[in-house]
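Asker: I would like to see how this sequence folds:
(one chain, ligands or ions: 2)
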Amino acid sequence: MTRTTPPSDTELRAAVQRFLIPGTLDDVRPLRRGHIHDTFVSTWNDGGVARRYLHQRMNDKVFQDIPAVMHNIETVSRHLRRKMSGARTLDGFQVLDLVPTREKRSYLVTDAGPWRTYNFIEDTESRDHCQTPEQAYEAARAFGWFQAQLADLDAEWLRETLPRFFSTPHRLQQFEDALAEDPLNRAEACMREVRFAQTRRETAFVVDRLLQSGEIPVRTVHGDTKLNNVLFCCRSGRARCIVDLDTCMPGYALYDFGDLVRFTAATSDEDERDLGRVGTDMTLYRALVAGYLDGTRGALSRTEVELMPFAARLVTYTIGLRFLTDHLAGDVYFKVHRDGHNLDRARVQFAMVERMEEMADEMAVKIG
Ligand code: GN1
Ligand code: MG
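Answerer: Ligands and ions are numbered 1, 2, ... in the order given. The predicted structure follows:
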C-alpha cells in the first residue's frame, strides 16, 4: 500500500498508545528526518517522571517485507546484547531498544501503516552537520566498531530486505531503465547529469568484480552511515549509539566508509543548490579514515584499506544515480519537499564525485 500523506493526529495518537509504554501520553510531534519513514517523538508522564520515545511509521512501499526488516533489527540487536552479557554498554556503546506493542510484538500494523517504537536515549543528540574532526572520528569509529561486532554474526540469519541494495551495477540498470522509459519526459532537461552518470559507468563494476573473485569479502554492514544515525553523548561528545538498522545486510565493508565520507565530510547539504559550495572537507576526511580504521580494529584487508578513497567516490556516485533515477521515475522512492528536489540531490552527489576525482592523490590512504 502506498502512503504519501502523513498520518492524522488521531491515527498517530492511537498508534503510539498501542505500545507498551508506562504512564500517559503528553505530547507527540513529527521529527523531520530521513527520506523514507515518518518519524515522531512522544513524551509520556509516568507518575511525575517524563520519558520520551521515538516512533516510526515505516514505509512499506520501499520496505515491502516489514516482518523481514524487523527480524533483521531484532537479530542484530540480540547479537549485540548477547555480547554485552548483561552490561548496559559495550566499549561505551549502547543498543537501541525496541519497545514492544501491548500484544508483545515488535511492531504494529494499523490502517495508517506499520509502526515501531524505540526508547529515546536521553543525554544524547544527533547531528545533521559535522562540526569538528573529533565528531567525524567518533562517528567513523562507531560505525567501524558496529561492523566489527557483526563480523561473527552468521549472515544467513539476516534477510536481504532490499535486494541488491549495495550493488552499483544494479543501480546503473535501474537508472538505464528509468532513462529509457522517461515517464514524465524529464530526461531532456537533465542531460548533463545523465551524461555524467554514463561516462563513469565502468567504475560501477569494480567492487562487484572484486566481490565475485573473492578479492574482497562480503561483510555485514550498516548500510546508511549518515552522521545523524549516530547518537553522541551530550556531555562527553563521544559516540554512544548507532541507530537506523534498516539496511543492515550483507554487503562490502567499504560501503559504510564511502557513505560516511559522502555525508559527513561534505561541505554542503545533500540538496544544496549552489554547487560552488559542494565538496569534501579533507580534515574531516582524514578524521573519518582514522576513526574507521580504529573502529574496525585491524579487521580490514590491505585491499580494502587501499580501496577506501575509491569507495567514497563509488558510493557518492551510486547515491547520485539513485537520486537521478528517482527524479526520472517521478519521485516515487525518496520523499521530496520541492520541485526538482531529487535532481538537486543528484547534482550535489555528482559535483562531489568530481571534486573527489580531482583530489584522488590527496585522499589516498597510506598503509604503514
Ligand atoms: C535513505 O531515509 P534515510 O535518510 O534513512 C536511503 C539511503 C540513502 C539516503 C540518502 C532505505 O536513507 O540508502 O543513502 O536516503 N535509505 C533507503 O540520503 O533507501
Ligand atoms: Mg536510513
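Asker: and the residue lying closest to residue 215 once chain neighbours are set aside, how many neighbours does it have?
Answerer: In space, and not counting its chain neighbours, residue 215 is closest to residue 303: 5.8 Å by CB to CB, 6 or more residues apart in numbering. For the C-beta atoms, the positions are set from N, CA and C on the backbone; glycine is no exception. Counted with other CB atoms under 10 Å, residues neighbouring residue 303 total 12.
Asker: so which strand or helix has residue 303?
Answerer: Using DSSP states H and E, residue 303 sits in helix 302-306.
Asker: List the contacts of that helix.
Answerer: Here helix 302-306 makes contact (CB atoms under 8 Å, 6 or more residues apart in numbering) with 210, 215-216, 253-254, 293, 365, 367.
Asker: So which residues on the stretch 151-300 of the chain come close to ligand 2?
Answerer: Contact residues, the stretch 151-300 of the chain versus ligand 2 (CB under 5 Å from the ion): 224, 244.
Asker: Which residue does the stretch 151-300 of the chain have closest to ligand 2?
Answerer: As assessed by CB to the ion, ligand 2 sits closest to residue 224 within the stretch 151-300 of the chain, at 3.7 Å.
Asker: close enough to count as contact, that residue and residue 243?
Answerer: No - checked against CB atoms under 8 Å, the pair residue 224 and residue 243 is beyond contact range at 9.6 Å.
Asker: Between those two, which is the more surrounded one?
Answerer: Neighbours of residue 224 and residue 243, each counted by other CB under 10 Å, are more numerous for residue 224; the result is 21 against 18.
Asker: returning to what we had before: buried ones among the contacts of helix 302-306?
Answerer: Buried members of the contacts of helix 302-306, counted by 16 or more other CB atoms under 10 Å: 210, 216, 253-254, 293, 365.
Asker: The residues you listed in helices, which ones?
Answerer: 210, 253-254, 293 (DSSP state H).
Asker: Nearest to residue 161 among those residues?
Answerer: Nearest to residue 161 out of these is residue 253 (CB to CB; 19.3 Å).
Asker: check contacts around the closest one.
Answerer: For residue 253, the contact set (CB under 8 Å, 6+ apart) comprises 147, 216-217, 219, 221, 296, 299-300, 304.
Asker: so can I have JSON lines of those residues showing pLDDT?
Answerer: Formatted as JSON lines, those follow (pLDDT from 0 to 100):
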{"residue": "147", "pLDDT": "95"}
{"residue": "216", "pLDDT": "96"}
{"residue": "217", "pLDDT": "94"}
{"residue": "219", "pLDDT": "93"}
{"residue": "221", "pLDDT": "95"}
{"residue": "296", "pLDDT": "95"}
{"residue": "299", "pLDDT": "90"}
{"residue": "300", "pLDDT": "94"}
{"residue": "304", "pLDDT": "96"}
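Asker: Show me where the stretch 251-368 of the chain has its helices.
Answerer: Applying DSSP state H, counting those that start in this stretch to the stretch 251-368 of the chain gives helices spanning 253-264, 282-296, 302-306, 308-329, 341-358, 360-363.
Asker: The first one: how far from the chain's middle?
Answerer: Same thing as helix 253-264. When distances are taken as CA atoms, centre = their mean, to the nearest Å, helix 253-264 is centred 10 Å away from the chain's centroid.
Asker: so for that helix, what's the average pLDDT?
Answerer: Regarding helix 253-264, the rounded mean pLDDT is 97.
Asker: now that helix against helix 282-296, angle please.
Answerer: Relative orientation of helix 253-264 versus helix 282-296 (axes from the mean of the first three to the mean of the last three CA atoms, to 10 degrees): 150 degrees.
Asker: what number of residues lie near the residue of the stretch 1-150 of the chain found nearest ligand 2?
Answerer: Taking CB to the ion, ligand 2 has its nearest neighbour within the stretch 1-150 of the chain at residue 34, 5.7 Å off. The number of residues packed near residue 34 is 18, by other CB under 10 Å.
Asker: what's it in contact with, if anything?
Answerer: Residue 34 makes contact with residue 244, according to CB under 8 Å, 6+ apart.
Asker: Is it located within a helix, as I assumed?
Answerer: No - counting by DSSP: H, G, I helix; E, B strand; the rest coil, residue 34 is not part of a helix but coil.
Asker: picking that back up, flag every buried residue along the helix holding residue 303.
Answerer: For helix 302-306, the neighbour count (16+ other CB under 10 Å) marks 304-305 as buried.
Asker: In strands, which of the contacts of residue 253 fall?
Answerer: 219, 221 (DSSP state E).
Asker: Go through the contacts of residue 253 and name the one nearest ligand 1.
Answerer: Comparing these against ligand 1 with CB to the nearest ligand atom places residue 221 closest, at 11.6 Å.
Asker: correct me, but that closest one touches residue 251?
Answerer: Yes - here residue 221 reaches residue 251: they are 4.2 Å apart, a contact under CB under 8 Å.
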